[in-house]
Structures are given as structure tokens and as C-alpha cells.
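S.K.: Build me a model:
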Amino acid sequence: MDSVQTVMTIVHQQPTAIVVMALLTYAFGFAQYLTSMVMQIRDHECPFYFWQHAWYFGHDLTFSLLFKQWFNQVHFWLFNVLWFGCVCFVVIELVSLTYSVKYERATIWQPYTRQPVSERTAWIKGSLTYVTGFVLFMIIRQALGDQMCLVLMMSTNATLALVTSYKLQQVHHRQKGTLALGWFILLGTIFTFLPQGWGFFATAVPALRSGWFSALGVICVCYAARYLAVGWSLPKLQA
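M.R.: I've put the predicted structure just below:
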């Protein structure tokens, strides 16, 4: 996997282009998360699977704990901003955990137990799942040698595109914000998988300039479009 020095050499060769590509990609990620949190807080129903939040928590916490890398070794303002964003997202993930425990514990954990899921039990199960997401993220980062966390950051966008439409199908209705979220997912997925010179990940990470990355992008874009198709086909959630 590409080292910090390799990625930063590319960044310093074309800083303006890299920043523009990165901000366009991350803007849709922020839009996805803000929309999903509004939906969860308003309707007490999260549009994402709980395990997705655990994986995203793993990413955000890992990125946040690499403070010295971003501010001392990398020392490029874009990654300082991303660090701050990930710290904010750690807090957002904890808010999501709180709402999941309080309002969705039966939906999330009841299918796996015969006993009613108490709030205490939900806190234990939810916290363990978040810890598992963090530990897995750290292990996989080390195994891949993904020092900059960019390949695994890309994985958060890929999982969002691939599985979220199935969560939507399970609830049999669309919330206010479902279609907006669908557009953010689709556009964010497209920007994630744009080729070198157009997309942030393929430009900044040479390991992603390959056929498998392009093939994954095509699949993810198709499933992101599926979310919109499913959303359009479902009735609106009744107030």
C-alpha cells in the first residue's frame, strides 16, 4: 500500500486540484450523514444498518487518534480539516448510538434473542459492536498498510452505496429526506470512484489506479442508483 510520503508527494504536486476533488467528494459524505441524522432524530428511525455505524465509527475514531500523523508528519491543511471533521463524526456516531438504543433496540437486536431487549442490554450490545468496528478497522488498516486511511475511507463510501437500499426495503416506506439522501449517496459514490485526474482517491492513491477499483465503482454506482429506485417505489411514511 502507498506510504504517507508517496501520497503527500502527489498532493504537493497538484495541491489545488487535490483539494477541489477532495472537498467535492467529502461534501457529499457530510450531506449523507447530516441527512441521515436528521431522519433518525426526527423519526426515531435510522436509514442505515447499525453495523454500518459501527464501521464508520471505527474509521472516524481511527482517523481522529492519528492526530500526530496529520499535524506533525503530513502537515497539510486539508488533512487537518478532515481530522476535525472525523472528531465531529465520532460525536455524531455516539448520538446515533444513543438514539438506536433508546428507540430502535427492538428492531436492531430483538431478532437475535428470545428475551425483550432492555435499554441496558442494548447499551452493552451497541457499545460492543462499536468497539468491534474500531478494532476491525485498526487491524485491517495495519494488514493493508493503509497509513493514510484513504483506502479504508473509500470503503465507507462503498458500503454505504452497496447495502443501504436493502435497509430501505426492509422498512417498506420512505421517510422525509429519503430521496435527498439517495441523491447524495449516488453523487458521492460517483465522485468517490472517478478516475485519476478527476477523482480524489484514484489521484491521491496510486494503488487505486487499477481495474478492480473501476469495476467496484461501477457496481457501487449501480447499487446507489438502486437506492433511489427503491425510494421512489415506496409509499411515504405517514406522520
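S.K.: Going by C-alpha atoms from here, please, whenever you check contacts or count neighbours.
M.R.: Noted.
S.K.: In this structure, what residue spans correspond to helices?
M.R.: Along the chain, counting by DSSP state H, helices occupy 4-13, 15-43, 50-65, 67-68, 77-103, 105-109, 119-144, 150-171, 178-192, 200-204, 211-233.
S.K.: what's the offset of the fourth one from the middle of its chain?
M.R.: In terms of Cα atoms, centre = their mean, to the nearest Å, the gap separating the centre of helix 67-68 from the centre of its chain is 21 Å.
S.K.: Make 79 the first number, not 1, from now on.
M.R.: Got it, the first residue is 79 from now on, which makes the last one we talked about helix 145-146.
S.K.: Run through who's touching that helix.
M.R.: Trp161 (Cα atoms under 8 Å, 6 or more residues apart in numbering).
S.K.: just the helices of the chain: most buried one?
M.R.: Mean neighbour count (mean count of other Cα atoms under 10 Å) peaks for helix 278-282 among the helices of the chain, with a mean of 24.
S.K.: Got phi/psi on the closest residue in space to His250 that isn't next to it in sequence?
M.R.: Excluding its sequence neighbours, the residue lying closest to His250 (Cα to Cα, 6 or more residues apart in numbering) is Leu312, at 6.4 Å. Main-chain torsions, Leu312, degrees, to the nearest 10: phi -90, psi 150.
S.K.: before we move on, the earlier item: turn the helices of the chain into CSV, columns for mean pLDDT.
M.R.: Converted to CSV, the helices of the chain look like this (pLDDT from 0 to 100):
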stretch, mean pLDDT
helix 82-91, 94
helix 93-121, 95
helix 128-143, 96
helix 145-146, 94
helix 155-181, 96
helix 183-187, 95
helix 197-222, 96
helix 228-249, 95
helix 256-270, 97
helix 278-282, 97
helix 289-311, 97
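S.K.: Please name the residues that touch the residue nearest the centre of the chain.
M.R.: Centroid check for the chain by Cα atoms, centre = their mean gives Thr234 as the closest residue, at 3.8 Å. Counting by Cα under 8 Å, 6+ apart, Thr234 makes contact with 133-134, 137.
S.K.: What distance do you get for it to Pro93?
M.R.: 24 Å (Cα to Cα, to the nearest Å).
S.K.: swap in Cys227?
M.R.: Cys227 is 19 Å from Pro93, by Cα to Cα.
S.K.: And Pro273, by the same measure?
M.R.: To Pro93, Pro273 is 17 Å away according to Cα to Cα.
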